[in-house]
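# Sequence below, structure please.
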Amino acid sequence: MIESYKELLRSRLSDYRYHHSLCVADSAVELAERYGADKEKALVAGLLHDITKEADVSEHFELFAEGGVIPTELERVNRKLWHAMSGAEYIKLKLNITDKEIYDAVRYHTTARAGMSLLEKVIYIADFISADRVYDDVEIVRELAEKSLDETMLYTQRYSINELLQKGACIHPDSVACYNELLL
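Residues are numbered from 1 along each chain as shown. Here you go, the predicted structure:
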């Protein structure tokens, strides 16, 4: 099954995005081993988290319609959020992956949310620390990820929210809820 997922990704993604997906899957398995999450689910969710990242506009909205997803106004105008929402629908509708943990890990890998499962945190953080990632704080985040998922979640939420604030961009309510839950 994993090989067929890789073939599918190869057909849907650029070389860069395909490589990123493999790197996230590797990081997800490592984090799952460290923190006791299901390694097979982590592998699948890590591989497929960006399955619709390079889809065209019509495919995103077809998947939303088919899955009964109604994007909020904030989600409609922020294209960077679409792939998580449509990706979760893609794996459910096209790949028949009905596991709620995997679905939610793909669905919330960009915004995070309050009440995240262990697998959701693993995929969210794996996406931040994968071997292909290069950004100012990546080494700090990688070090934190070796010690505590929740500390890493809090750091990455602060980092992401600060980036959005500096750009004058909207902050998704799920991200705010996640941040507040981690603080409390």
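# okay, CA-based contacts and neighbour counts for the rest of this
OK.
# how close does the closest residue to Ile97 other than its chain neighbours sit to His83?
Take Ile97 and drop its neighbours on the chain: the residue closest to it by CA to CA, 6 or more residues apart in numbering is Ile91, 5.5 Å away. Distance of Ile91 to His83, given as CA to CA, to the nearest Å: 12 Å.
# do the same with Ser21
Taken as CA to CA, the span from Ser21 to His83 is 13 Å.
# Overlap in contacts, those two.
Asp50 (CA atoms under 8 Å, 6 or more residues apart in numbering).
# So for stretch 7-18, first residue to last residue, what's the gap.
Start-to-end, stretch 7-18 (CA to CA) is 10 Å.
# Can you report phi and psi for Val69?
Phi and psi for Val69, reported as degrees, to the nearest 10, are phi -90, psi 130.
# Now do the contacts for it.
Applying CA under 8 Å, 6+ apart, no residues contact Val69.
# For Thr110, see how far away it is.
For Val69, the distance to Thr110 - CA to CA - is 17 Å.
# Show me where the protein has its helices.
All helices of the chain, identified by DSSP state H, fall at 2-12, 15-35, 39-48, 57-67, 73-77, 82-93, 100-107, 118-129, 138-145, 149-167, 173-183.
# Adding mean pLDDT and mean neighbour count, write those out as JSON lines.
Output for those, formatted as JSON lines (pLDDT from 0 to 100; neighbours: other CA atoms under 10 Å):
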{"stretch": "helix 2-12", "mean pLDDT": "98", "mean neighbour count": "14"}
{"stretch": "helix 15-35", "mean pLDDT": "98", "mean neighbour count": "21"}
{"stretch": "helix 39-48", "mean pLDDT": "98", "mean neighbour count": "24"}
{"stretch": "helix 57-67", "mean pLDDT": "98", "mean neighbour count": "16"}
{"stretch": "helix 73-77", "mean pLDDT": "96", "mean neighbour count": "12"}
{"stretch": "helix 82-93", "mean pLDDT": "98", "mean neighbour count": "23"}
{"stretch": "helix 100-107", "mean pLDDT": "98", "mean neighbour count": "22"}
{"stretch": "helix 118-129", "mean pLDDT": "98", "mean neighbour count": "26"}
{"stretch": "helix 138-145", "mean pLDDT": "98", "mean neighbour count": "16"}
{"stretch": "helix 149-167", "mean pLDDT": "97", "mean neighbour count": "16"}
{"stretch": "helix 173-183", "mean pLDDT": "97", "mean neighbour count": "16"}
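# any idea how far Ser11 lies from Tyr18?
9 Å.
# hang on, I meant Val134
16 Å.
# try Ser27
Applying CA to CA, the value for Ser27 to Tyr18 is 14 Å.
# Arg107 too?
19 Å.
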